[in-house]
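J.: Need a 3D model of the sequence below.
(chains A, B and C)
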Amino acid sequence: MSSEANYWERFQEQRIRRRIFLRSAGVTAVGGAAVALVGCGGGDSSSSGTQAPSTAKSGATTAASATTATRAKPAGNANVSVATLQEQSTSPFFQTGGLSTPIFLHAFEGFYRIGADGRPAPALATAFEQADAQTITFKLRQGAKFWDGSPVTADDIKWSFDAYTSQNPPAAPSVVLKKAVDSVTAPDPATIVVKFTRPIPFQMEELGVTGVPRGWPVASRAYYEKVGADTFKQTPMCTGPYQVTKNSVGQFVELQANENYYDPARIPHVKTIRLNIVPEQQTRLAQIKTGEADVIEGIVGPAADSLKNESSVKIVKTANTALLTVRFFDLWDANTNSVQKDPRFREALNIAVNQDQVAKSLLKMGNPSPGVLIFPNSSGFDAGTLKPRAQDVARAKSLISQAGATGSNFTLGAYTSSSYPLIPEIMQAYSGFWKEIGVNTKIETKESGTYFTEFQAKTPRGLGPISFPNFSSGALLLVGYYKTGAAYSTTDYIPDLQDVITKLSAEFDPNKQNELVKQGLKIVYDGFYMIPSPFVDSLWATGSKIKGWDRIAGVPYVNGLETLTLSS
Amino acid sequence: MLAYVASRLGQAAITILGISVIVFALARLSGDAGALLVPPEATPQERQDIRDALGLDRPLPVQYGIFLKGVVTGDFGKSFRFGEPALEVFAKRFPNTLQLAAVAAVVALLGGVSVGVLGATHAGGMPDRVITIIALLGQAVPSFLIAIFLMLIFSVNLGWLPTSGKHGTLTYIMPAVSLAWYSMAALARMTRSSMLDVMETDYVRLARLKGLPESRVIWKHAFRNALIPILTLFSLQLIFFVSGSVIIENIFAWPGIGQLTVQAIFSRDYPLVQTIVLVTSSFLVLLNVGVDLLYAFIDPRIRLT
Amino acid sequence: MASEANTSPLLEVRDLHTHFVTRSGTARAVDGVSFTLNRGQTLGIVGESGSGKSVTCMSIVRLLPKTASRIAGGQVLFKGRDLLTLSEDEIRAIRGAEISVVTQDPMTSLNPVYTIGNQMEEPLRYHQHVRSGNQLHERVVGALRQVGIPVPERRVRDYPHQLSGGQRQRVVTAMAIECHPSLLIADEPTTALDVTVQLQILRVLKEVQQNLDLGMILVTHDLSVVARICDDVAVMYAGRIVEHAPITEIFDRPRHPYTQALMLAVPKLNASRERLNTIPGQPPDVRRLGSGCPFVPRCPKATERCREEYPPTTTVGESHTVACWEATS
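T.: A predicted model of the protein is given here:
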């Protein structure tokens, strides 16, 4: 699961700089949207215009599909420019789940990987069984091979667990995994049994890192022991559709097609891919024009316009990659008699905003959201219940006056995010909407690191936004972000909701979990606990060399490069 | 002279120690590395575990003591983000920054000085006017705009130079020129005015009266005397060649410390921030000491007092 | 024996005109100056600041500010060659070699960042192509000894700021003579020095001039300096020589009212140099000269004629010329 905090602050400064440039260059203030850069286009096949068969989906669920027998060997090369790969770690055992995700998604796998719909899909395991709350048994895929052609064994998987959880310093997600896992055993070569120290209700999704919703990254023990830790870190030996062949610090990571991949449908078409680190959007735009890059990430509105005249450049989109909600911080204080506790006040602030206007004139993209932290592709999302609300100023005004909140004053936090563009500008707009209904807000913009730290400490009061990249598990959203005490929750003291979450944490049936997720989200929706802002998209540009490309739904990072096809 | 060197080095050491305290405190003043590192869905207990694992649970003075002790033994700690020794992470990129800074410094110095001397020797003439306008532009137009313009012209339109990256001599050209741009303009102006002052002096007149060729008069007699203010400005600009590279490196995807610094600060990667700031500033402080010693070499009046 | 080289003067300046172009008009800084100088002879050029005496000298070696000034006419015949027609390279070869200049302010005339030796070697390298270090050292030390610098072997390693003002002026003098010039121009050589040091420097200049049989032009505003070492005196006013005579003649029988005024203003040796300013009135603005005598506003004997017509230069005694209506009538 991607960690928003990691994800946010990393792009921070590029964003700011880009914005300054765009402004000074007289483009427009939407430069800030640069950061939606990490967006991506997955399930949106119509806009991606790809011709590649929807192999990702079939490959995700079944092993081999017969149609792929005629497939040509991987050939050619492509250059992909990304804004950053952050720590650029090519070690499967040091993955923080942040902006180095493009490496992970193509090179590393665990029992399960992220499928085309953003939900777990079988990888090194073909199935799993949860006999009791604290035991999960994985059936291993037969015939899975490392990049060098050697078979993946149960021993490699066990060894990888130890290696992953004993890194010093640890990658943060591995600390959580290590504490939760009691033992990893292999009763036979085709089975791995994981015993936990506590009940694991979400099929181990709650312990994953980006790209591995169930399990941990698996690497070859024999190779590690042969080449040693230092070489391994640079060029490891794993199982993904692409092999890491070069890691040049601060410059690029080179990937080579893995022709031994167990799912023929996911054997890449393009033989060599370079992920080039090009932080500045203007430079990436120049690259797509000169042909130095074949795929670039992070296109924002005005930049997309600048590419319109380039006949060979195509813009592709992944919808709904990030969401912003404004929170009622006074709810953190159980003892306050703040008007924020009054549902009429919360409703008024909800329906005072005009999301359509924000999407069209400010963001120049995106769709209205329901005012609940959930994504359309998340499990447990019910479009029927969670309808975006329309603006109703008259009702909002009357609710405010009923709540006795006319003329009330609040501070309104703001920060610049990498995942969601133009937050300060949107807060400015919201401040205007609320002024209209008689609620005054004073905007206080903070550096993101400070803002998040304070948010986690739950010390701010008043109102403030918080943004999230796409998250596909509704259950994990509820437990991770709605539960009392969770780092980014503002729904701590809502008894009904906490009851649902408690039940959810004890429920092991995915279908019943989804029902509980729906219940919980409805409580939030009906109680107006969050003020909505539009879902935003991620945009990429592809050059003339690229014929087709499928991407994972909702994932804002570069992904699905194995589906990339070149024009002949 | 020896006392002079010793006192400058002593001051440098105190400066560096001061920087270490400031950077240590400043990094921790706002924001918490643990909070930013931990997966947001982690429980409070899990968050605490991660903080403990990073040693963030200890009192600040203790942490500083550990840090200082480590620095003395060459151990700057491990980067939270990169999971590797901070010094190593830094050392992999710093040479790239230095290479670019050095090329840019040379470009700025040679370009600025020759343009400035040309302006001074043709004061009031056509070359001088052109140079003055260019120098003004140089100081008015931000370097990142220059960078983008260069890229649009030489990469996108003409296709002569690669847009970015560090692979071969060609890729140095645009970053170095953009980075040098501002300094070059400033140095040109300083050189021009400093040279004009010196050209009026009696000793330059005497050099001419001695029948020396004009080139000798300018470069031997005038230039060396004009050099002190030029060098002073240049030594101040040295910091810019390293710090200014944050923007230029970003634009040209240069694998230096520019990006790294910003990442480290935003993620509150304390060991990495400390390493970057401490090593870079020590480097610059020592460079400035070097320039001070150079003054003494250039001007005997400084040497002998 | 009686070759032309011996009979023709070392330097002959004929009707020299030097103009300065300024925003407010053209200044005729030197306006028809003529004089001759022989080897072994010392000519003093005397006048207030702005009278054109220094400009005359700088016109001889053609070192005037490039942009603003222009030698508008005349001839400067040095050993029979007109210096004004030479190329830049040719005149540069003469500067510091055949014609040397001792500049005004010893405190600022030496380059602070090079040693005495370094600076003194330059003319030898450039004009006489002396390359050997030993030879350079010998020549430099010899020249320093000639001007009375004690322990010259040590001084060559010194920087200017380590020397006293008098010593520096000696160094400048040594630098001027080390290439054995035939003409030495001393431009206010003692102005910036203490009175006692002034005398020493004047003595050095006189000695050097005599030993090397130089032609020397001494530019000064101080008649008492002239009295000490000059054979002839040319008094300049507003860009022209108003009176020219042998030293005894000018002190005994000054004919021009300006010269007479200068005489009255000659300070006692220990008095301040500022006394010259006691001549009533101000020197004229050389950008706005009329057709008459420019000294008229300050002249006690001025007549209507003086106002309208510049007086011709008239011989009034042996080698004594003057440009004044009063003196000729």
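J.: And the strands in the stretch 151-300 of chain A?
T.: Taking DSSP state E, counting those that start in this stretch to define them, one finds strands in the stretch 151-300 of chain A at A:181-188, A:191-196, A:242-248, A:252-257, A:270-277, A:295-297.
J.: Show residues contacting the helix or strand where residue B:139 lies.
T.: Per DSSP states H and E, residue B:139 falls inside helix B:126-140. Outside helix B:126-140, the residues that touch it by Cβ atoms under 8 Å, 6 or more residues apart in numbering or on different chains are B:115-116, B:118-120, B:122, B:181-182, B:184-186, B:188-189, B:192. Backbone N, C-alpha and C define where each C-beta goes, glycine included.
J.: Which ones among the residues you listed lie within helices?
T.: Judged by DSSP state H, those include B:115-116, B:118-120, B:181-182, B:184-186, B:188-189, B:192 as members of helices.
J.: picking that back up, least confident pick among the contacts of helix B:126-140?
T.: In terms of pLDDT, the weakest of the contacts of helix B:126-140 is residue B:122, which scores 84.
J.: and the gap between the closest residue in space to it that isn't next to it in sequence and chain A?
T.: Nearest residue to residue B:122 in three dimensions, chain neighbours excluded: residue B:128, at 4.9 Å (Cβ to Cβ, 6 or more residues apart in numbering or on different chains). Taking Cβ to the nearest Cβ, to the nearest Å as the measure, residue B:128 falls 30 Å from chain A.
J.: Residue B:128 and residue C:64, how far apart?
T.: Look at residue B:128 and residue C:64: by Cβ to Cβ, to the nearest Å, they are 20 Å apart.
J.: thinking again about what came up before, select, out of the strands of the stretch 151-300 of chain A, the one closest to residue B:15.
T.: Of all the strands of the stretch 151-300 of chain A, strand A:270-277 sits nearest to residue B:15, with 33.8 Å by Cβ to Cβ.
J.: Grab the most central residue of chain C for me.
T.: Closest residue to the average C-alpha location of chain C: residue C:219 at 3.3 Å, with Cα atoms, centre = their mean.
J.: Do a quick rundown of the strands in chain C.
T.: Ranges of strands within chain C are C:11-22, C:25-37, C:42-46, C:69-78, C:81-82, C:99-102, C:183-187, C:215-220, C:232-237, C:240-246, C:314-317, C:320-322, based on DSSP state E.
J.: could I get the third one in CSV with only the CA atoms?
T.: Output of strand C:42-46 as CSV, limited to C-alpha atoms (Å, rounded to 0.1, in the frame of the first residue of the first chain):
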residue,chain,number,x,y,z
THR,C,42,67.6,71.5,-18.7
LEU,C,43,64.4,73.4,-19.6
GLY,C,44,62.0,74.3,-16.8
ILE,C,45,58.4,74.6,-17.8
VAL,C,46,56.5,76.7,-15.3
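J.: Could you list every helix and strand in contact with that strand?
T.: helix C:53-60, strand C:215-220, helix C:223-229, strand C:232-237 (3 or more Cβ pairs under 8 Å, 6 or more residues apart in numbering or on different chains; DSSP states H and E).
J.: how about the ones you listed, which one is nearest residue A:156?
T.: In terms of Cβ to Cβ, the element of the helices and strands packed on strand C:42-46 nearest to residue A:156 is helix C:53-60, at 92.1 Å.
J.: Just the buried residues of the closest one, please?
T.: Of the residues in helix C:53-60, those with enough neighbours to count as buried (16 or more other Cβ atoms under 10 Å in any protein chain shown) are C:53-60.
J.: hmm, back to that, so which of the ones in helices among the contacts of helix B:126-140 comes closest to residue A:439?
T.: So of the ones in helices among the contacts of helix B:126-140, ranked by how close each gets to residue A:439 (Cβ to Cβ), first place is residue B:182, at 46.6 Å.
J.: you'd agree that closest one is up against residue B:147?
T.: No - at 11.3 Å, residue B:182 does not count as touching residue B:147 under the criterion of Cβ atoms under 8 Å.
J.: for residue A:347, what are its contacts?
T.: Neighbour list for residue A:347: A:396, A:399, A:528 [criterion: Cβ under 8 Å, 6+ apart].
J.: residues touching the last one, list them.
T.: Spelled out, it's residue A:528. With Cβ under 8 Å, 6+ apart, residue A:528 has these contacts: A:343, A:346-347, A:349-350, A:371.
J.: please redo it, this time with the cut-off set to 10 Å
T.: A:328, A:343-351, A:371-372, A:389, A:399 (Cβ atoms under 10 Å, 6 or more residues apart in numbering or on different chains).
J.: Buried ones among the residues you listed?
T.: Buried members of the contacts of residue A:528, counted by 16+ other Cβ under 10 Å: A:328, A:344-351, A:371-372, A:389, A:399.
J.: So which of the residues you listed belong to helices?
T.: Mapping those onto helices (DSSP H) picks out A:344-351, A:399.
J.: okay if I get the residues you listed as JSON lines plus pLDDT?
T.: Shown next, in JSON lines, are these (pLDDT from 0 to 100):
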{"residue": "A:344", "pLDDT": "96"}
{"residue": "A:345", "pLDDT": "97"}
{"residue": "A:346", "pLDDT": "97"}
{"residue": "A:347", "pLDDT": "97"}
{"residue": "A:348", "pLDDT": "97"}
{"residue": "A:349", "pLDDT": "97"}
{"residue": "A:350", "pLDDT": "96"}
{"residue": "A:351", "pLDDT": "96"}
{"residue": "A:399", "pLDDT": "96"}
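J.: All good on my end, thank you.
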